[in-house]
Every structure is written in C-alpha cells, then in structure tokens.
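J.: Sequence plus the predicted model coming up.
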Amino acid sequence: MDELVFILLQILLAAAIIGGFLCWLFQGLICKAQLEVGNKVILITGCDTGIGHELAKYLDSIGFQVFAGCLDTSSEGAQRLRVEASNNLKLVNLDVRRDDHVDAAVHYIQENISPEQQGLYGVVNNAGVCVCGEFEWQTWDQISKQIEVNLLGSMRVIKKCLPLVKAGQGRIINVSSVAGLFGYPGLSAYCASKYALEGFSQVLRLEMEKFNIKVITVQPGDFSKATNLLTSHHRNMNEMWGEMDATARQEYQNYFTAYHDSVAKSGFTGERRKPFSSLPQTFLTSFQAALLQKNPSGRYVLMPSNSSRIRMTLMTLLPSMVSDYFIAARYRKSLPKCDLGRSQASLNTITY
C-alpha cells in the first residue's frame, strides 16, 4: 500500500512538472506572438535626442506612422529625423510642461490621421530630465524641472491623449528607469519622479483595463553613453555651486568636487553631436514587443549587458536592507576619499 502511494505521488509530481513546463512554454509562445503594424499611429515624446530619437526612427522603419514630439522642431536632432526617416514620420513641437503645446499636438494628430486609423494606437512617454547631484546641492529649479518633465509631463500627455487612445484601443508606454525600482545616491529627485511614475502607471493599468488599454512601463538601466541624458551636467553643477551658501561650500567643498569629477570622468557628459555608442538592437525591439505583443508584460527591464541584467535580477530578490547596503557601498567606492569641510582652499567657481 505504501509503495502504491509512493508511486502515485511520483506520477503526480512528474505530471505537475510537465504541466508547468507546458504552461510556461504555451504562455511564452502566446506572449511572443505579435500584432501586425498595419496603419497604427503612435506619439513619442522627447525625440530630439537619445532614446526617443532612435525609437522614432526604428518604429518608422517597421511601418508605424510616427508623430515625433520634439522640444524644438528646428533642433539638429529633429532635422536629422526629417532627413533620415520616411515621409510618414511627422515632427510635432512638444514641450510636455505646457498645456498649449500638448493641446496643439493632439489637434495636429487628429488632423493628420485618417478615419480608418481610429485614433492613437500608442503613446510613448519618453521625454525626461536627469540632474546628478545630492539633494542638498540641487537647486529648486533643477528639482522641480525633473518632476515637471518626468512625472507631470507624462501625466499631462496621457490626460489629453486618452480620448484618442481609447478610440484606438491602444497602449500607453511610460519610460521609467531602474531608478524607479531602487534609490541611487545623487539621483534623489530623478528617483522620486520615476518612483512616482511607476506608481501612477500601476494604478492607470488597472483603471484602463476596462477599456482594453494596456499600460506598460519600460525601465532602462544605464544607457547614458548612448543617449544625451546628461549633456547638461556641467551647467547643472555650476548652478548648484552658485546657489550654495558659504557654510555649505565649506562643508561640501572637497566632496562636491570629487563627486562631479567622478561623473565627468565616466565619459558621458558634455555636449556632443553623436553619443559615444548606439542603443543595441535588442533595446529597440523590446519597445516593439511592448507595443505589438498580444499579451505584453506590464514591465520591461532593459539592461545594457548580461552582467548588469543578472545583478538587477539578484537585487530584486534581496531584502531592501541588503540591496541598500550594496548600492551605498558602490556609491562610496565610486568617489575618491576626501574629508568633508576640511579644506582650507576657497572655491569661488568651479568650471569645466
């Protein structure tokens, strides 16, 4: 009798394992199945440079009708889109902080889509601002700009585009960041904006489900060498120093300089015509999957390398106390050793 029970348990265990594997395989095949591009219309914000610029070109190349929102349609990046993309791509002057700009963009889209296109299939909220520097250093203008663009700008675009998205039974893609999953020293306001965007997206996903609208977050890692996210770093640094009072300058002098030296030496700051590297093809096809997969994931974490992908996976499995320890240790290691407030030298200006 005992032997029979043991055999039955083995059979049940084997059946459970095989059944689980088949379900996983079947689900994977369903999720990977993609819709046809057809005549689908999408709006992408922040297309002057970086991720938005490359994404607009890529999605245009696979057949989407792209409305590329640019902060300045006369900028070099916007003009390159005009030359390098098809005639199907249309530039839209779009500052996501301004109601009149977003209203005009929505009106322009309505005027330039055909009745059979049935509204907007996708809105990709990509426009973003990142300022590096500890919270006490950052000016209020720098803090508020990150919140206004990264969070409120995305919310404004979605709010005004929702009627078109509902008509198109479409998707909303919010470009968040791994900084919306973990807090990184030196990125306090940026992390705050991305954490808030994650929470907003989670709620909106549930609210829009009844309209068959999918809300997805894409969480890139550090692709700063392939984007222009930190081209204003030196100007931001000088603005921080300029607004510090004498006490703060004396206290942080060496540390402040060491921090910004470490960022500058990492090789991704400063104005330049082209990034040091390009976004990998897998990065762009992940956005394609988010837009076209029949059963997309709610979140796509995109890391620049296999090792960083493994690290991020492990970090999500660790208790927060342990992950905080590793992040803090890495931050300390990235800075040269210096004593706070002990320098006798005077720094009236810091320029690069």
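T.: The structure has been received and is ready for your questions. What you see is a predicted model, and the numbers here were worked out from it, not measured in a lab.
J.: Give me the nearest residue to H101, chain neighbours excluded.
T.: D95 (4.7 Å; CB to CB, 6 or more residues apart in numbering). To be clear about C-beta, it is placed using only N, CA and C from the backbone, and glycine gets the same treatment.
J.: can you count the residues close to the one you found?
T.: By the criterion of other CB atoms under 10 Å, D95 has 18 neighbours.
J.: for the one 4 residues further on, same thing?
T.: D99 has 12 neighbouring residues, counting by other CB under 10 Å.
J.: list the contacts for the closest residue to it other than its chain neighbours?
T.: Excluding its sequence neighbours, the residue lying closest to D99 (CB to CB, 6+ apart) is R156, at 6.9 Å. Shown in contact with R156 (CB atoms under 8 Å, 6 or more residues apart in numbering): V96, R97, D99, V102.
J.: Check R156 and give its pLDDT.
T.: pLDDT for R156: 98.
J.: For it, grab phi and psi.
T.: phi -60, psi -50 (degrees, to the nearest 10).
J.: Please name the bridge partners of F67.
T.: F67 has these beta-bridge partners by DSSP bridges: L43, K90.
J.: In terms of helices and strands, where is D100?
T.: helix 99-111 (DSSP states H and E).
J.: hmm, who's touching that helix?
T.: By CB under 8 Å, 6+ apart, the list of residues contacting helix 99-111 reads 41, 43, 67, 69, 90, 92-96, 120, 156-157, 160-161, 164.
J.: same thing but 6 Å
T.: The contact list for helix 99-111 (CB atoms under 6 Å, 6 or more residues apart in numbering) reads F67, V92, L94, D95, R156, V157, K160.
J.: May I see the buried residues of that helix?
T.: H101, V102, A105, V106, Y108, I109 (16 or more other CB atoms under 10 Å).
J.: Same check on stretch 45-64?
T.: So for stretch 45-64, counting by 16+ other CB under 10 Å, buried means 45-60, 64.
J.: chain center to that stretch, what's the gap?
T.: Mean C-alpha position of stretch 45-64 versus that of the full chain (CA atoms, centre = their mean, to the nearest Å) differs by 14 Å.
J.: Now the terminal residues of that stretch, how far apart.
T.: End-to-end span of stretch 45-64 (CA to CA, to the nearest Å): 15 Å.
J.: what do you get for stretch 38-53?
T.: Rule used - CA to CA; the end-to-end distance of stretch 38-53 is 22 Å.
J.: And that stretch, how far out from the chain middle?
T.: Distance, centroid of stretch 38-53 to centroid of chain: 13 Å (CA atoms, centre = their mean).
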